[in-house]
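Engineer: From the sequence below, what's the structure:
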Amino acid sequence: MSYIDIVNGFWRAHKQQKMSGVAIQIFFYLCNVNNYYRWSEWFYISHDTIANGLSMSTKTVQRGTRELHRNGHITVQKQRGRKPNKYSIKRAWVVSAVHPNVHPSVQSNVHPGVRQIKSIRVIDKEEGVITCRTNETTQRNGTPTPPAKKPRVFMSDLKAQKQILEQRIKALKDAGYEDAWGHNYANKEDKLKAKELRAQLKALEDRMLETV
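Structural biologist: Residues are numbered from 1 along each chain as shown. Just a heads-up that it's a prediction; the model follows:
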């Protein structure tokens, strides 16, 4: 799952379950922190650090992180003593192979007369993450349910995503070095990651052209 998938999924989930402005600020602040840690599955950060970074009170941050955790946008593991909490964004965003980019907090809107079949409810007891995977939806008369309309895409969102990708590509390039044969990435992992990000950037630019 890429950063773009998480951002798009967050706003789709937000349409179904509105989040407070505080929760939205904290979510994208945590995304920025997670990006700094190269999108590791888990990272540590204290409420005080988040509060200082966003000019909020610690109680406001605690309320916002609880809201995000409760709605399935982040996973939080409280640590003992004065240790900072352990966070995960990737672990919270459980994606079904049948319906990619469907967030656990988004419930299926099934109209009367429509029957869902082969629905699997997956519960992570440790984290309390719930994912509903539906492989097939049919009407009672047996005919397939028409596919849902695609969410509207805003050019401003695409431009913001493009800027983020460009910044990440530049960061990987800046971490490398130049020699007589040209630019070299710091390691093989950075080189592969940069290639992946360039492919995502190309796909995003193609999408922007289709939107115009």
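
Engineer: Go through the chain and flag its longest helix.
Structural biologist: Criterion DSSP state H: the longest helix present in the chain is helix 188-211.

Engineer: any idea of the mean pLDDT in that one?
Structural biologist: The predicted model gives helix 188-211 an average pLDDT of 85.

Engineer: what about the closest residue in space to Ile74 that isn't next to it in sequence, distance to Asp5?
Structural biologist: Beyond its immediate neighbours in the sequence, the residue positioned closest to Ile74 (C-beta to C-beta, 6 or more residues apart in numbering) is Leu68, lying 4.6 Å away. In this view, the C-beta of every residue, glycine as well, is placed from N, C-alpha and C. As for Leu68, its distance to Asp5 is 17 Å (criterion: C-beta to C-beta, to the nearest Å).

Engineer: Okay, now the unreliable bits of this structure?
Structural biologist: Segments of the chain classed as low confidence (criterion: pLDDT under 70) are 1, 93-154, 211-212.

Engineer: can you map out the strands along it?
Structural biologist: Remark: strands of the chain, listed N- to C-terminal, are 43-45, 75-77, 85-88, 114-124, 129-139, 177-179, 182-184; assignment by DSSP state E.

Engineer: So which bits of the second one are buried?
Structural biologist: If I follow you right, that is strand 75-77. Within strand 75-77, the residues that qualify as buried by neighbour count (16 or more other C-beta atoms under 10 Å) are Thr75, Val76.

Engineer: Quick one: residues contacting the residue nearest to Ile74.
Structural biologist: Applying C-beta atoms under 8 Å, 6 or more residues apart in numbering, one finds that Leu68 lies in contact with Met19, Ala23, Ile26, Phe27, Ile74.
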